[in-house]
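Undergrad: need a structure here:
(one chain, ligands or ions: 2)
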Amino acid sequence: MSANELIDPFGRKVTYVRMSVTDRCDFRCVYCMSEEMTFLPRAQVLTLEEMQFIARAFSELGVNKIRLTGGEPLVRRNVLSLVQGIGTLPGITNLAMTTNGSQLPTMAADLRKAGLKSINISLDTLDGEQFTQLTRTGKIEKVLAGIDAAVAADFPGIKLNAVVMKGRNDDQVVALVEYARARNIDISFIEEMPLGNIEEHDRGETLCTSEDVRELISERFKLIAGTENSGGPSRYYHMADHPSKIGFISPHSHNFCGDCNRVRVTSEGKLLLCLGNEYSADLRDTVRRYPGDLDRLKETLHDAVTRKPERHFFSSEGEVDIVRFMNMTGG
Ligand code: SAM
Ligand code: SF4
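TA: Numbering: from 1, shown residues only. Ligands and ions are numbered 1, 2, ... in the order given. I've put the predicted structure just below:
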């Protein structure tokens, strides 16, 4: 392996890092968190400077895409300074964020100016009551205003993300596609993943597969399979009469693992080599024990990547293999 890139034992090159900038959130989505959550003490969470340093190490090892996520990245104080900092790293050509949209009415324009290129905004329903049921604390008006603000800020890439649950919001699928089309933005539908113990519903019962969702959309729009490969669990479709793309994220299928190009960093600085299992390395320990030592950090990253597993092992029955919640993982 070259000293300037991260290649795992299966020949896969790591070019994409998802960083969770906080485990906290202003929502409590039923598939992501329990109603009562205990968040990490601040001292355990990486500082923004530590995150910037880790991003720099990755960028010097061939990573060109970083996605900031959480928790809700926009509730982290001064997150704009991190966006600005990572935006100036020479190797990073795509700086992205996944957000619930609640802070976008006031932050979208500044994020765009700070160098954010693409933004994924979660929206599971257009029905205000359903929205409050699914997010427990969210108000749909703010998120819809946030999407308008993102469209007005002219991000090169805007995509909606919707987790679909049977009997909860599967009646919204076609309306969400129409909403995305009206704004010329893309939309992805996500299968619920068995992350964290959730008592609110039985995941085996609510699982709505990508195939189920595709069928619902096909009743209204003609879908044409795309050829692009995201290096992840997304498959894209086009519509015959419109440029908006429709993605299907099927984490239960493991047939994307062979092309996997990504790793994750949690808000406490754990490097997760695969979403579906517990292999990790402690980057916080390295950056706190050897402050400012970029070579030492790169060594830790090189060493960790040699332990990236070949594939994940999610069960398809909705059983919990992983006790981490999604907000810890950085979805
Ligand atoms: N708070 C931001 C948001 O909601 O977009 C970013 C973090 S959130 C964990 C990232 C994405 O993960 C969201 O699109 C959310 O819908 C999705 N998500 C959360 N829990 C999930 C689960 N158990 N299965 C599948 N997707 C999940
Ligand atoms: Fe918060 Fe995002 Fe999880 Fe919803 S999915 S609780 S918005 S972190």
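
Undergrad: for stretch 183-195, list the C-alpha coordinates in PDB.
TA: Provided in PDB are the C-alpha atoms of stretch 183-195 (Å, rounded to 0.1, in the frame of the first residue of the first chain):
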ATOM      1  CA  ARG A 183     -38.100  21.600  -6.800                       C
ATOM      2  CA  ASN A 184     -35.800  19.800  -9.300                       C
ATOM      3  CA  ILE A 185     -34.100  17.900  -6.500                       C
ATOM      4  CA  ASP A 186     -33.300  14.200  -5.900                       C
ATOM      5  CA  ILE A 187     -34.800  11.900  -3.300                       C
ATOM      6  CA  SER A 188     -33.600   8.700  -1.700                       C
ATOM      7  CA  PHE A 189     -35.700   6.200   0.100                       C
ATOM      8  CA  ILE A 190     -34.000   4.300   3.000                       C
ATOM      9  CA  GLU A 191     -34.800   0.900   4.500                       C
ATOM     10  CA  GLU A 192     -34.900   1.100   8.300                       C
ATOM     11  CA  MET A 193     -31.700  -0.400   9.700                       C
ATOM     12  CA  PRO A 194     -31.500  -2.400  12.900                       C
ATOM     13  CA  LEU A 195     -29.300   0.100  14.800                       C
END
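
Undergrad: is that stretch in proximity to ligand 2?
TA: No. Stretch 183-195 does not reach ligand 2 (CB under 6 Å from any ligand atom); its nearest approach is 10.0 Å. (Glycine included, C-beta is placed from N, CA and C.)

Undergrad: flag every buried residue along that stretch.
TA: Using 16 or more other CB atoms under 10 Å as the test for burial, stretch 183-195 gives 185, 186, 187, 188, 189, 190, 191, 192, 193, 194, 195.

Undergrad: tell me which two of these sit farthest apart.
TA: 185 and 194 (28.9 Å; CB to CB).

Undergrad: where does the protein have low pLDDT?
TA: Along the chain, the model assigns pLDDT under 70 to residues 1-2, 196-197, 230-232, 253-255, 276-277, 313-331.

Undergrad: and it, which residues reach ligand 1?
TA: Counting by CB under 6 Å from any ligand atom, the chain sits next to ligand 1 at 25, 31-32, 69-70, 72, 98-100, 122, 161, 163, 190, 192-193, 195, 326-327, 331.

Undergrad: can you do 5 Å?
TA: When proximity is defined as CB under 5 Å from any ligand atom, the chain approaches ligand 1 at 31-32, 69-70, 72, 98, 100, 122, 161, 163, 190, 192-193, 195, 326, 331.

Undergrad: which parts of the stretch 101-250 of the chain sit against ligand 2?
TA: Counting by CB under 5 Å from any ligand atom, the stretch 101-250 of the chain has no residue next to ligand 2.

Undergrad: do you have the strands of the stretch 101-250 of the chain handy? List them.
TA: Here the stretch 101-250 of the chain has its strands, by DSSP state E, counting those that start in this stretch, at 118-122, 157-163, 186-190, 223-225, 234-239, 242-249.

Undergrad: for those, which one ends up most surrounded?
TA: Among the strands of the stretch 101-250 of the chain, ranked by average contacts under mean count of other CB atoms under 10 Å, first place goes to strand 186-190 (a mean of 24).

Undergrad: doesn't residue 264 fall inside a strand?
TA: Yes. Counting by DSSP: H, G, I helix; E, B strand; the rest coil, residue 264 is located in a strand.

Undergrad: count of neighbours near it?
TA: Neighbour count of residue 264, defined by other CB atoms under 10 Å: 21.

Undergrad: what's across from it in the sheet?
TA: Per DSSP bridges, the residues bridged to residue 264 are residue 18, residue 272.

Undergrad: thought residue 281 was touching it, still the case?
TA: No. With contact defined as CB atoms under 8 Å, residue 264 does not reach residue 281; the gap is 11.3 Å.

Undergrad: intersection of neighbour lists for the two?
TA: Residues touching both residue 264 and residue 281 (CB atoms under 8 Å, 6 or more residues apart in numbering): residue 271.

Undergrad: switch the strands of the stretch 101-250 of the chain over to CSV; also include distance to residue 107.
TA: As requested, the strands of the stretch 101-250 of the chain are exported to CSV (distance: least, CB to CB, whole Å):
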stretch, distance to residue 107
strand 118-122, 10
strand 157-163, 14
strand 186-190, 21
strand 223-225, 34
strand 234-239, 26
strand 242-249, 24
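
Undergrad: how far away is the closest residue to residue 221 other than its chain neighbours from ligand 1?
TA: The shortest distance from residue 221 to any non-neighbouring residue, by CB to CB, 6 or more residues apart in numbering, is to residue 239 (5.0 Å). Going from residue 239 to ligand 1 by CB to the nearest ligand atom, to the nearest Å gives 22 Å.
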